[in-house]
Each structure stands twice: as C-alpha cells, then as structure tokens.
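# Sequence plus the predicted model coming up.
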Amino acid sequence: MEGNFGLAHRGPAIGKLRPLAGQRALVTGASSGIGRAIALALGAAGADVIVNHVSGDEAAEMVAESIRASGAKALAVKADVSREDQVETLFARTVESFGGLDILVNNAGLQRDAPVESMTLEQWNTVIGVNLTGQFLCARAAVRAFKRQGLRPEVSRALGKIVCVSSVHEVIPWAGHVNYAASKGGVMLMMKTLAQELAADRIRVVGVAPGAVRTPINREAWETPEAYAELLKLIPAKRIGEPEDIAHAVAWLASDAADYITGTTLFVDGGMTLYPGFEAGG
C-alpha cells in the first residue's frame, strides 16, 4: 500500500552527511575483520562507538582511536559475550560512558571446525555459546536499555536498532562445520522472532549475512592464487568481499533510511546464495 501516511512525523532527515550523528552504538567483536570495519563505518556516520573485544587489547584501542580521529567518541571495552555477567557489565559500561544505547551490532563470532564424528562437545558449545547465545544475551540487554531510555526522535525514528551479523550459512549447509552452520541458522530465526516481538515497540531487528570476506578467520581460502581461484567458483561476482562491503550495509541498515526494514536478512555475498554450480543449467 502506498501513500503519505505518517510522513509528517519522519524525524531526522534521511541522507544527511552523518546520518547516525547523536547515536550511541555497540559493536561486538570489533577489534578486527568485519567488526572493525563496522565500528569504523558507524563512527564515520557520526555514531559514538563502544568497541567490544575479547582479545587484542591494542588492536581494539587502535580502532577506538581511529573513530575518535573521525570526530566521534569511542571506547574499547573487553567482554566475553558468551558470559552473562560480562555482557551485563559491558552494557552497564556503555550506558555509563555514553548515556544510553541506540544501535547494537551483534558481530562477535568464531569457528571450531571438525567432522561431526570427531567434533567435541567443547567445540560445539564454544561456537553456540559465542555465535548464538552471545547474540541473545546482547540483544536482551540492548532491548532493556532501549526501553529504559525511551524514544529520542531528534536522532532516530526507532527506539533502537539491532543488527545481527549472520552468514550465508544460515541457509547454505556446510559439511565439516555443523556447529557454525547451526549457530547461524539459529541467529536467523532468533532475529526474525525478535523482530516480530519488538516491532510494535519501534525496535528494529535485522540480519546481515556475509559471504566470503577477506578476513583473518578464512585466510587459507584466499591467501594463495590457487585457493582464490577455487573460491571464485562459488561467487558469481568473481571477487571476494571486503570487510567494508559488510560495514556499509550495516551502517545503512542502522540509519533511518532503512526505517521500514525489520525481520529480514540482507545477504552481502556477491551472489553466493545463488548456487553458482547451477549457472550453466545444472
């Protein structure tokens, strides 16, 4: 249905140079890779950013310093998102430092790969704990923070925004990575369920699903010419993704330009989910 209903109350102008100005963001797993790029992009868009990390103290501080150099506030805060007590401390520190929270980017994730017959319970629990339970714990804390502080129409039409970083493996099975694929499939349905539950509260919950991206976690897949050539067979766009490809998508989804988007996943994958093995007719 089209029309102009409600447009008189649109709030902050869409498309301004720093569309996240005045907003407070928390990015988990932000000391390297995709998380680092997201934190930098949100800072460049005007948001103050909490740079969460569980290791790499110096790297996290360098990200925070880069954000500060762009004119936004930033603080590196160490916390393991799979630990409830540390998540609560992380969010308390965020509110104490910035006065509240407007954007959560649930990015922290890891892999512990093995064939199913040799995968240990520790490998399973570690991946589920960080990739799925960690996103739940952070989302729960963010929703509580959003509702405590109330709507701030001068900076955003939404009460709060949660971006869940998933993977193409929320829909593509991945042999030898059952814990990772299960965690990302769980993230997808968690995101959709939270979006359904929270939409009436003006809290938007969305997903971003990267494909193959040039990060340290998958270095063996792109580091040599031979490996890169094999990788490109899976990508119709015929290039690997860069962390900035994901970061730009997240910054847009967190802005009012995407205010009518909730409960869906944006695949940033160069077409990997198009199953390129069938591009010649199968």
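In hand now; what should we look at? None of these values were measured; they are calculated from a predicted model.
# all contacts plus neighbour counts: C-alpha atoms, from now on.
Will do.
# from the chain's centre, how far out does the lowest-mean-pLDDT helix or strand in the chain sit?
The weakest-scoring helix or strand in the chain, judged by mean pLDDT, DSSP states H and E, is helix 225-232 (a mean of 92). Helix 225-232 has its average C-alpha position 26 Å from the chain's average C-alpha position, going by CA atoms, centre = their mean, to the nearest Å.
# List the buried residues of it.
Neighbour counts using 16 or more other CA atoms under 10 Å place 228, 231-232 of helix 225-232 among the buried residues.
# So which of the residues you listed is the closest to Glu88?
Relative to Glu88, the closest of the buried residues of helix 225-232 is Leu231; by CA to CA it sits at 39.5 Å.
# what about the strands in the stretch 151-282 of the chain?
Listed in chain order, the strands of the stretch 151-282 of the chain (DSSP state E, counting those that start in this stretch) span residues 160-165, 203-210, 265-268.
# Check whether Glu96 sits in a helix, strand or coil.
helix (DSSP: H, G, I helix; E, B strand; the rest coil).
# Can you get me a residue count around it?
Applying the criterion other CA atoms under 10 Å, we find 10 residues in the vicinity of Glu96.
# circling back: for the least confident helix or strand of the chain, list the C-alpha coordinates in PDB.
Output of helix 225-232 as PDB, limited to C-alpha atoms (Å, rounded to 0.1, in the frame of the first residue of the first chain):
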ATOM      1  CA  PRO A 225      46.300 -17.700  -6.100                       C
ATOM      2  CA  GLU A 226      45.200 -21.300  -6.300                       C
ATOM      3  CA  ALA A 227      42.900 -21.000  -3.200                       C
ATOM      4  CA  TYR A 228      41.400 -17.800  -4.500                       C
ATOM      5  CA  ALA A 229      40.600 -19.300  -7.900                       C
ATOM      6  CA  GLU A 230      38.800 -22.100  -6.200                       C
ATOM      7  CA  LEU A 231      36.900 -19.700  -4.000                       C
ATOM      8  CA  LEU A 232      35.700 -17.600  -7.000                       C
END
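# before we move on, the earlier item: ranking the strands of the stretch 151-282 of the chain by burial, who's on top?
Highest mean neighbour count among the strands of the stretch 151-282 of the chain (mean count of other CA atoms under 10 Å): strand 160-165, with a mean of 28.
# Which neighbouring elements make contact with that strand?
Other helices and strands packing on strand 160-165, by 3 or more CA pairs under 8 Å, 6 or more residues apart in numbering; DSSP states H and E, are strand 103-106, helix 134-149, strand 203-210.
# and among the ones you listed, the most buried is which?
Per-stretch averages of neighbours, counted by mean count of other CA under 10 Å, single out strand 103-106 among those, with a mean of 28.
# Quick check: what element follows it along the chain?
Following the chain from strand 103-106 toward its C-terminal end, the next helix or strand by DSSP states H and E is helix 121-128.
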